[in-house]
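**Q** What follows is a predicted structure for the sequence shown.
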Amino acid sequence: MNLSVDLNNNGVSSNNFLEGIEGVSQVINTRMTLVEEEIDEMVFSLFISNILTTTNNIPIIRFGAENVRLLVEFGELSDTFQLVNDSNRPTNSSGVILGITLIDQLTVEIEVEKSVYDYAINDWVEILATYRFVRGGFMS
């Protein structure tokens, strides 16, 4: 993440999104599906903030997974994937996808801008979270 935030109200701020939501989320599926056709289709899961309740105006949050499905084209010169139609760009509760980059033959990195609650300042902040997915397998 681009900011150090306390995502799970444990009093510790971190720049690591996955470590920050540990204990308040389900296990993330780091598997990504890429269907290669005339127009490629990419399917993966991103975390979303679920507000369970509030206490003294402070939300109790758990993180669940939301499936994302995109139509993409691969740019060989830039090693990035471009959305086929920008209107396909998700602007849902999982955040806004800013970039999709091929790291190696099996690994894709996805940058997402999202709003999360920072318990250190008791307010919502915008962060840049980076997810890594493995095509056809799991990555720890």
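**A** Arrived safely. Numbers count the residues shown, from 1 in each chain.
**Q** Have a look at the chain and report the helix or strand with the lowest mean pLDDT.
**A** Using mean pLDDT, DSSP states H and E, strand 91-92 stands out as the lowest-scoring helix or strand of the chain, at a mean of 57.
**Q** what's downstream of that strand, the next helix or strand?
**A** strand 95-102 (DSSP states H and E).
**Q** Tell me how many other residues crowd Glu76.
**A** 7 (other Cβ atoms under 10 Å). (C-beta placed from N, C-alpha, C; glycine too.)
**Q** what pLDDT does it get?
**A** pLDDT recorded at Glu76 is 84.
**Q** Which residues are in contact with it?
**A** Residues counted as contacts of Glu76 (Cβ atoms under 8 Å, 6 or more residues apart in numbering): none.
**Q** Please shift the residue numbers so they start at 56 in all later answers.
**A** All right, first residue 56 from here; so that's Glu131.
**Q** now the helices for this protein?
**A** 72-75 (DSSP state H).
**Q** Okay, and the beta partners of the spatially most central residue of the chain?
**A** The chain has Leu101 as the residue nearest its centroid, 4.2 Å off, counting by Cα atoms, centre = their mean. On the basis of DSSP bridges, Leu101 is bridged to Glu121.
**Q** wait, it sits on Gly119?
**A** No. With contact defined as Cβ atoms under 8 Å, Leu101 does not count as touching Gly119 (10.1 Å).
**Q** where does the residue nearest to the centre of the chain land on pLDDT?
**A** pLDDT for Leu101: 87.
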